[in-house]
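Colleague: Starting from these lines, generate the structure:
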Amino acid sequence: MASSTDLTDRFDESGPTHMMPTGGSSAMKIDWESEEHCRCVAACIVKGTYVLESDRTMCRQGLQAKALAPAWWESFHFRLKDVLTDDSFKHRGDKFIFGAIYEYAAPAGAPPRHPSAPQYVVAFRGTMMRHPKAIQDVYLDGKIVLNRLKGSNRSQRAHAAVHALLAGIAKQKESCVVWLAGHSLGASLALDVGRTTMEEQGLGLPTFLFNPPHVASTQAINLLQPSQVAKNDLYAASNLLKAGLGVILSPHRKRMEKLFERLSPWAPKLYVHEKDFICQGFIDYFQQRERMEERFRGAAKSAMTLSYRDMFHHLVGHDKERPHLLPSATLWKNSCIDSDARWLAKRSNAHGLQQWWKSDTDLSLTSRHYTYPVA
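Modeller: Presented below is the predicted three-dimensional model:
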C-alpha cells in the first residue's frame, strides 16, 4: 500500500484533475493561451522538481524502481534536460537537487509547439522539511531573512545555469520562450535570477513565483492586527519618512530609481495566499504602494524604491537591494480557505504548492497588475 507521501508525489493521484485526459483520450488538455493552464503547468513542473529530489532520497530511481517525478513534466510534453545540485555542505558526494531545466519535446505526430508554450522551464523547489537533510534548506531560508541568498552556492549555480542556457539559445540564434518558476525558497531563487537577467541583459523572462517569501516589518504589523485605517496611516507615515530620507540619501535614491526603470518592463507573476504569513507581505507592499500614489503622488515614486535596511547598508558602504522591491508585477491572490481544517493545517495549506495547480473554480482568485511610473 502506498504511503501518504507517495500519494502526494503521484501525479495521477494529486495532479490537476481538470486537465486530465477524459473520454478515452491520452492527451492532457492544455490551452497555452489560458493563464489558468499556464499556472497549473508551471506549478506541476515545480512539484516535479520536489519529487525528483524525493525519488533520489528514497531510491526510486533506476531500472528496478519506479520514479514518480517524470509524470509531473512528461504529462505536459517536457523532458528533463539538466538537474541543478547543491553540494556546498559537508558530504560533497551527496548532490542535493534543488532545481532542474526542462525542455519541451512534442511527441511524434503531435503539432509543433504552440508559440505561447515555453521551450524551456527552469524550476526551483522550496524547503523540504521532511527531508533527512532539511537543515540545508533551512540554512538558506535564514539567508533570505538576512538578504544574503544571492551570495550562496545555490544562488550562484542557479544564475550560472540560466546564463548558460540563455547563452546557448543566443548562440544557436533560436527564438524560444524560457520560463522561470519556483515555490517558497525556490521562488526567491527564481525572483533573484529573473531580476538579474532583466537588469544585466534586458531580458524579461516569464516568471511564476508561488508563495515567494517577503521579509519586512509587514509580518510584525499584521500580528498586531491593527484596524485598516490605522494600518493605512502607519504605512503612509513610513513611506513619507522613506521619501524624506531619500532626499537626504540622494545618491542611493537615484540609483534605486534607475534600477526600477531598468526592471520595470519585467512583470513577474506572484501567486500568494492572503493567509500565508510567509508571503502576505507582498499584498501589503503593492496595496499600500497604490494608496501612497493616490494620496501623495509626488513622494510615492521615491518611497516605493526604498527600504530602511537598504538605506542603512548604503550608509555603511554596502549597497544592497531588497528583493521584494519590485517595480512591476501581476499579483494573484487566493482567498480560498478550508473552514473545516485546523489552524495549523490552514496555515500549511495557505503556503502549499498544491493549491496552484487547481482550477480557477476551486480557488477564490483575484489579480491586479502593478506598474512603475517611468518618467
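Colleague: ranges for the helices of the stretch 1-150 of the chain?
Modeller: Along the stretch 1-150 of the chain, the stretches classed as helices by DSSP state H, counting those that start in this stretch are 4-9, 11-14, 35-57, 71-74, 135-145.
Colleague: Redo the ones you listed as CSV? Include distance to Val215, mean pLDDT and mean neighbour count.
Modeller: Yep, even glycine has a C-beta here, placed from its N, CA and C like the rest. Converted to CSV, the helices of the stretch 1-150 of the chain look like this (distance: least, Cβ to Cβ, whole Å; pLDDT from 0 to 100; neighbours: other Cβ atoms under 10 Å):
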stretch, distance to Val215, mean pLDDT, mean neighbour count
helix 4-9, 28, 74, 15
helix 11-14, 30, 92, 15
helix 35-57, 21, 96, 24
helix 71-74, 29, 95, 22
helix 135-145, 5, 91, 16
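Colleague: quick one: which of those is nearest Ala350?
Modeller: helix 35-57 (14.9 Å; Cβ to Cβ).
Colleague: For the nearest residue to Gly151 once chain neighbours are set aside, give me its contacts.
Modeller: Leaving out its chain neighbours, the residue that sits closest to Gly151 by Cβ to Cβ, 6 or more residues apart in numbering is Lys143, at 7.9 Å. Contact partners of Lys143, counting by Cβ atoms under 8 Å, 6 or more residues apart in numbering, are Leu149, Gly151, Ser152.
Colleague: again, but for Ile337
Modeller: Applying Cβ under 8 Å, 6+ apart, the residues contacting Ile337 are Lys275, Lys346, Ala350.
Colleague: Return the residues in contact with the second one.
Modeller: Contacts for Lys346 were tallied using Cβ under 8 Å, 6+ apart; they are Lys275, Ile337, Asp338.
Colleague: so what's it scoring on pLDDT?
Modeller: For Lys346, the pLDDT comes out at 72.
Colleague: looking at this, it is in a helix?
Modeller: Yes. Lys346: assigned to a helix according to DSSP: H, G, I helix; E, B strand; the rest coil.
Colleague: What ranges in the stretch 101-250 of the chain fall below the confidence cut-off?
Modeller: Low-confidence segments of the stretch 101-250 of the chain (pLDDT under 70): 217-220, 222-224.
Colleague: Just the strands from it, written as ranges.
Modeller: 120-124, 178-183, 207-210 (DSSP state E, counting those that start in this stretch).
Colleague: Contacts for the shortest one next, please.
Modeller: Contact with strand 207-210 is made by 38-39, 42-43, 46, 179-184, 187, 190-191, 194, 266, 268-271, 353, 356, as judged by Cβ under 8 Å, 6+ apart.
Colleague: which of the contacts of Lys143 has the most neighbours?
Modeller: Of all those, the most densely surrounded is Leu149 (22 neighbours; neighbours counted as other Cβ atoms under 10 Å).
Colleague: that older thread, out of the contacts of Lys346, which one has the weakest pLDDT?
Modeller: For the contacts of Lys346, the pLDDT minimum is Asp338, 75.
Colleague: what number of residues lie near that one?
Modeller: Around Asp338 there are 10 residues (other Cβ under 10 Å).
Colleague: now Gly298
Modeller: Gly298 has 9 nearby residues by other Cβ under 10 Å.
Colleague: What's the separation between Asp31 and Val41?
Modeller: 10 Å (Cβ to Cβ, to the nearest Å).
Colleague: Leu241 now?
Modeller: Going from Leu241 to Val41 by Cβ to Cβ gives 43 Å.
Colleague: try Ala216
Modeller: In terms of Cβ to Cβ, Ala216 sits 31 Å off from Val41.
Colleague: export the contacts of Lys143 to CSV and tack on distance to Val247?
Modeller: Compiled in CSV, the contacts of Lys143 are given as follows (distance: Cβ to Cβ, whole Å):
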residue, distance to Val247
Leu149, 31
Gly151, 31
Ser152, 35
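Colleague: these two touch, right, Trp266 and Gly204?
Modeller: Yes. Between Trp266 and Gly204 a contact is recorded at 3.6 Å, counting by Cβ atoms under 8 Å.
Colleague: Show me whatever sits in contact with both of the two.
Modeller: Joint contacts of Trp266 and Gly204 (Cβ under 8 Å, 6+ apart) are Met198.
Colleague: Settle it for me: which of these two has more neighbours?
Modeller: More crowded of Trp266 and Gly204, by other Cβ under 10 Å: Trp266, with 21 against 16.
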